[in-house]
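**Student:** Below are the sequence and a predicted model; questions follow.
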Amino acid sequence: MNLDRRQFALPALAIGLLVVSPAFAGHDEDSVAKSLEAFRAAQAAANAEILASLCASELSYSHSDGRVEDKAAFVANATNGKSKWLSLVYEDPKIRVVGTSAIVRFHWIGEQEFIADGKRASSNLHILMNWQKQGAEWKLLSRGATKLA
């Protein structure tokens, strides 16, 4: 039986991809985690420039009360100065990278103070975010929130 190197090329390539793929997935998960933390910090600091840089132009941002905002409305409302975050925690994030998309779930625990009257409000939410890899960067494509008791 005559064997040539082409018969070994495809199986060798497949094995190589199996070995390399988890490394890429881990790198992508780390990159998404860094973008998620940058987003949380920018949200807590009401930093419009950073929030805008982390959001896809097609952003669909859904609040737990049913409001849906596009990128411009989200950034404007998140940084309008009407309230300030006293604390904002993204607890126990779960990140799953699927190709050029990432599914992110976490428990949101926050407390904010309204500037006009000094009243405080707490939020306890389950968040689902979808991130998309655009070039070398991860951008928030959509977000949905569900109130928890």
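**Tutor:** Yes, it's here.
**Student:** Give me the three-state assignment for residue 35.
**Tutor:** helix (DSSP: H, G, I helix; E, B strand; the rest coil).
**Student:** I figured it hits residue 138, correct?
**Tutor:** Yes: between residue 35 and residue 138 there is a contact at 4.3 Å, judged by CB atoms under 8 Å. Any C-beta I mention is one placed from the backbone N, CA and C, and that applies to glycine too.
**Student:** any residues in contact with both of those two?
**Tutor:** 54, 131 (CB atoms under 8 Å, 6 or more residues apart in numbering).
**Student:** Look at these two and report which has more neighbours.
**Tutor:** residue 138 (26 against 22; other CB atoms under 10 Å).
**Student:** any idea how far residue 40 is from the more buried one?
**Tutor:** Remark: distance between residue 138 and residue 40 (CB to CB, to the nearest Å) = 14 Å.
**Student:** Residue 80 too?
**Tutor:** 18 Å.
**Student:** what sits against residue 147?
**Tutor:** Per CB under 8 Å, 6+ apart, neighbours of residue 147: 64, 124, 125.
**Student:** Check residue 106 too.
**Tutor:** The contact partners of residue 106, taken as CB under 8 Å, 6+ apart, are 36, 90, 91, 92, 93, 94, 126, 127.
**Student:** Share the number of residues neighbouring the closest residue to it other than its chain neighbours, please.
**Tutor:** Excluding its sequence neighbours, the residue lying closest to residue 106 (CB to CB, 6 or more residues apart in numbering) is residue 93, at 4.1 Å. The tally of other residues near residue 93 (other CB under 10 Å) stands at 16.
**Student:** where does this structure have low pLDDT?
**Tutor:** Scanning the chain for pLDDT under 70 picks out 1-25.
**Student:** any idea where the helices of it begin and end?
**Tutor:** Along the chain, the stretches classed as helices by DSSP state H are 6-45, 48-54, 71-78.
**Student:** which helices and strands sit right next to the second one?
**Tutor:** Put plainly, it is helix 48-54. Judged by 3 or more CB pairs under 8 Å, 6 or more residues apart in numbering; DSSP states H and E, helix 48-54 is in contact with helix 6-45, helix 71-78, strand 137-147.
**Student:** at 6 Å what do you get?
**Tutor:** Helix 48-54 sits against helix 6-45, helix 71-78, with contacts defined as 3 or more CB pairs under 6 Å, 6 or more residues apart in numbering; DSSP states H and E.
**Student:** Brilliant, that's me finished.
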